[in-house]
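**Student:** model the following, please.
(chains A and B)
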There are 2 protein chains.
Amino acid sequence: MNAEIIAVGSEMLTPEKIDTNSLYLTDQLNNLGIEVVQKTIVGDDRERLRATIAGAMNRSEIVILTGGLGPTEDDLTREATAGALGRELSYHPEISDEIAARFKRMNRPMADNNKRQAMVIEGAEVLPNDRGSAPGQWIQISNSNGSGLTMMLLPGPPKELKAMFEKQCLPRLHKVVPPLVIRTLCLRVAGMAESDVDHQIAPIYTKYANPVTTILAGPSDIQIHLRCRCETEAEAQKLLQEVGGQIENVLGDRIYTRTGEELEDAVGTLLKERKATVCTAESCTGGLLAQRLTARSGSSDTFLGSIVSYAPDLKTYFLGVDPRSILLDGAVSESVARQMAVGVRHRITATYGISITGFAGPEGGTEANPVGTVYIGIASETDCEVKRFQFLGDRERVRALAAQTALDMLRRRLLRE
Amino acid sequence: MNAEIIAVGSEMLTPEKIDTNSLYLTDQLNNLGIEVVQKTIVGDDRERLRATIAGAMNRSEIVILTGGLGPTEDDLTREATAGALGRELSYHPEISDEIAARFKRMNRPMADNNKRQAMVIEGAEVLPNDRGSAPGQWIQISNSNGSGLTMMLLPGPPKELKAMFEKQCLPRLHKVVPPLVIRTLCLRVAGMAESDVDHQIAPIYTKYANPVTTILAGPSDIQIHLRCRCETEAEAQKLLQEVGGQIENVLGDRIYTRTGEELEDAVGTLLKERKATVCTAESCTGGLLAQRLTARSGSSDTFLGSIVSYAPDLKTYFLGVDPRSILLDGAVSESVARQMAVGVRHRITATYGISITGFAGPEGGTEANPVGTVYIGIASETDCEVKRFQFLGDRERVRALAAQTALDMLRRRLLRE
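**Tutor:** Okay, here's the model as predicted:
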């Protein structure tokens, strides 16, 4: 079943306001196996709103309107919905009495325009609002051909909307919607471009309409979401395993998690399993790697500390880097990265020492090592591996890519041990 | 003039993802005097997308599409727009060559599906993307009756979209839209709650319909935006000075910038003016403060380095903290914060040493110093000031508040010198 959500109100079309009600509603609807296929945000304009509602009614089986149920002349959801349905609005004095009683309990006078809130669409059920004055409305239309339309008019304030949806709409929806099980799988991939990932896995996921596959891309971080809709739990799990398994076969250890967690969490788990510890020596990332490694409570089990050696002489003083290497090879070089990783590991006495030195830009860089060049080293008791990378993007992106890549190098190293 | 924004992508219809591009675009369009009258979010469905675009074209003079320009089969914006316009798509090998060159610079192979990004709608101008691989498209149609339609196809990633809009779309829009002078002033305030700020300045800004005042709140960071729309530059500047000046009188040195810059940038400027340097010793923030102090190019003039002493013995080894203080007072204490600040300043030889030690949670804490307790120290040649804070919120928020507060303490200290 498909649903559309229409948020009503000119304030929702300003640069500051965001429609968060639709996120809550989407979550609730997805849990029932209902897909949200379109969201619209429309201002307090009678004809535009009527046309938007009419369009949604023709496309989708469930249409939810949020907002525009207040007492002012700007609040047009009731009238526009009645117009789109070709039905009349009528005044229900018992609703007006309830609103008046509510105002009396708060010792406030009721303005006359609150009577607008007592206008009900022909054939609609009134949904009581125990958090505010605007009642909602539920409209259920069964067509002779077996198809149906469900419409909900809900108040805009999130607290009122959530309470009304849970108490009034969910029980009614359960009667309309066939039961369905939704299960998701989120695989995350480091160190690959979105187009490379898609090129490799499109031949797999395009064969399946269920699960639905979505790919989200961040800096060196690709999320592959599989969402399965089935009649039974077993069927859903089987399908996810079938499609997820094929994707895992293709991408192998590029996948760092099957639970959607962040890369630093996957690395933290591997470190804990191996009872290993890590420390870092950072230059261009300025502490970003350490900050990610300490993002979660309990990280003190595996992370010991970091030296952010931004000034060159600190590389010598705290990490023991030979000043001649800095002079001859430059602070951004293979040899300095190696000495930083070995030095920090030695002085902090961790299982692994990670170093990052590079030109994050926009200023700096040399002909041999232009802006975006980053050396990453990982030292262990037995060896030290250093790799050179050339990242593209602004300063923030180069720093983010460097930290992400360092975490992924450590992860792949841990998998090999 | 009216505009509509259509965000494309099934991931935008999940409970997690929010369309923030439209907020940026609305702000930019409002600055030109263009009203956004409808926003739609639609999934990767060819026919639904085509119908949505066709509807918007019939209602509004400007239609902006965001997202769906990637290389995968899901990326349908180009095809659906061509369909709605009844125009053909054609392959432009020179675009494909540019994308290939971009991949080559990154030493990565270009997947064959990137060629999809070289498909251009008949009559469209190609908008170069200097932050990513997907070029945008600009379509300008002048009807014989004098009305016109402007369409923009922009990439979904916010950085790519913003750069393209500013460099490519704004200059083109200025030719289409009648001129209006918009000037803004952004004051930022640290160390105050939103309600306190609003309580103090509401009596000022509510007197003015122009400029429009908006208040945005982050962790210990309040932004006060004043936006003026006038016919002349002089008129706009005069109004901003009139309202901004009254607000500055009330808030005083709580305001850290009048240009909207970040707190770390305001601190960086003060340090440069005083030819002062800073270093940090961080525990619970794990490098976050160092990372903020190095966020901008040129920060090596004022920032020397940081010791992230996460394991307690590193506080002794690298910073010279007396192990008895850690044992008797605890690692989260006034005395350890003081020794960390003095120690890091001494060993790195900076003008100021800043220390942060605290319980970020959710685990940890003691009866005397529960989760959220953070000590922040600032050492100079002559003294060391340590303050205790009790922050509310989850781990991420406590860490953010600690770093922000440390920066603001340093700023106020620098103002006094």
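
**Student:** could I get the full set of strands for the stretch 1-150 of chain A?
**Tutor:** A:2-8, A:35-42, A:62-66, A:89-91, A:119-121, A:125-127, A:136-142, A:148-154 (DSSP state E, counting those that start in this stretch).

**Student:** and those: which comes nearest chain B?
**Tutor:** Of all these, it is strand A:35-42 that lies closest to chain B, at 4.2 Å by CB to the nearest CB. Just so you know, the C-beta spots here come from the backbone N, C-alpha and C atoms, and that holds for glycine as well.

**Student:** near chain B at all, that closest one?
**Tutor:** Yes - contact of strand A:35-42 with chain B (CB under 8 Å from any CB of the partner chain) involves A:35, A:36, A:37, A:38, A:39, A:40, A:41, A:42.

**Student:** and the pLDDT for the fifth one?
**Tutor:** Going back to what we said before, that points to residue A:39. Turning to residue A:39, the model gives it a pLDDT of 97.

**Student:** beta partners of it?
**Tutor:** On the basis of DSSP bridges, residue A:39 is bridged to residue A:5, residue B:41.

**Student:** what number of residues lie near it?
**Tutor:** For residue A:39, the neighbour count with other CB atoms under 10 Å in any protein chain shown is 25.

**Student:** can you tell me how far it is from residue A:246?
**Tutor:** As defined by CB to CB, to the nearest Å, residue A:39 lies at a distance of 32 Å from residue A:246.

**Student:** wait, a helix at residue A:265?
**Tutor:** Yes - judged by DSSP: H, G, I helix; E, B strand; the rest coil, residue A:265 forms part of a helix.

**Student:** quick check: closest non-adjacent residue to it.
**Tutor:** residue A:296 (6.2 Å; CB to CB, 6 or more residues apart in numbering or on different chains).

**Student:** hang on, the one you found packs against residue A:266?
**Tutor:** No - counting by CB atoms under 8 Å, residue A:296 does not reach residue A:266; the two are 11.2 Å apart.

**Student:** who's more crowded, the two?
**Tutor:** residue A:266 (21 against 17).

**Student:** which ones are touching that one?
**Tutor:** A:256, A:257, A:411 (CB atoms under 8 Å, 6 or more residues apart in numbering or on different chains).

**Student:** do you know how far it is from chain B?
**Tutor:** Residue A:266 sits at a distance of 18 Å from chain B (criterion: CB to the nearest CB, to the nearest Å).

**Student:** contacts for the helix or strand containing residue A:223?
**Tutor:** Per DSSP states H and E: residue A:223 is located in strand A:221-230. Strand A:221-230 is contacted by residues A:33, A:180-190, A:192, A:194, A:197, A:201, A:205, A:210-217, A:236, A:239-240, A:243-244, A:247, A:260, A:263, A:404, B:11, B:14 when judged by CB under 8 Å, 6+ apart.

**Student:** among those, name the buried ones.
**Tutor:** A:33, A:181-190, A:192, A:194, A:197, A:201, A:205, A:211-217, A:236, A:239-240, A:243-244, A:247, A:263, A:404, B:11, B:14 (16 or more other CB atoms under 10 Å in any protein chain shown).

**Student:** is it true that residue A:244 touches residue A:187?
**Tutor:** Yes - Residue A:244 lies in contact with residue A:187 (CB under 8 Å); the separation is 6.7 Å.

**Student:** who touches both of those two?
**Tutor:** A:226, A:258.

**Student:** coming back round to it: among the buried ones among the contacts of strand A:221-230, name the ones in strands.
**Tutor:** If you go by DSSP state E, the buried ones among the contacts of strand A:221-230 have A:181-190, A:212-217 in strands.

**Student:** between all of those, which two are separated the most?
**Tutor:** Across those, no pair lies farther apart than A:181 and A:190, at 30.7 Å, counting by CB to CB.

**Student:** give me every residue in the stretch 301-417 of chain A lying close to chain B.
**Tutor:** With the criterion set to CB under 8 Å from any CB, the stretch 301-417 of chain A comes near chain B through A:303-311, A:314, A:317-318, A:347-348, A:360-364, A:390-397.

**Student:** how about 6 Å then?
**Tutor:** A:303-306, A:308-311, A:314, A:362-363, A:392, A:395 (CB under 6 Å from any CB of the partner chain).
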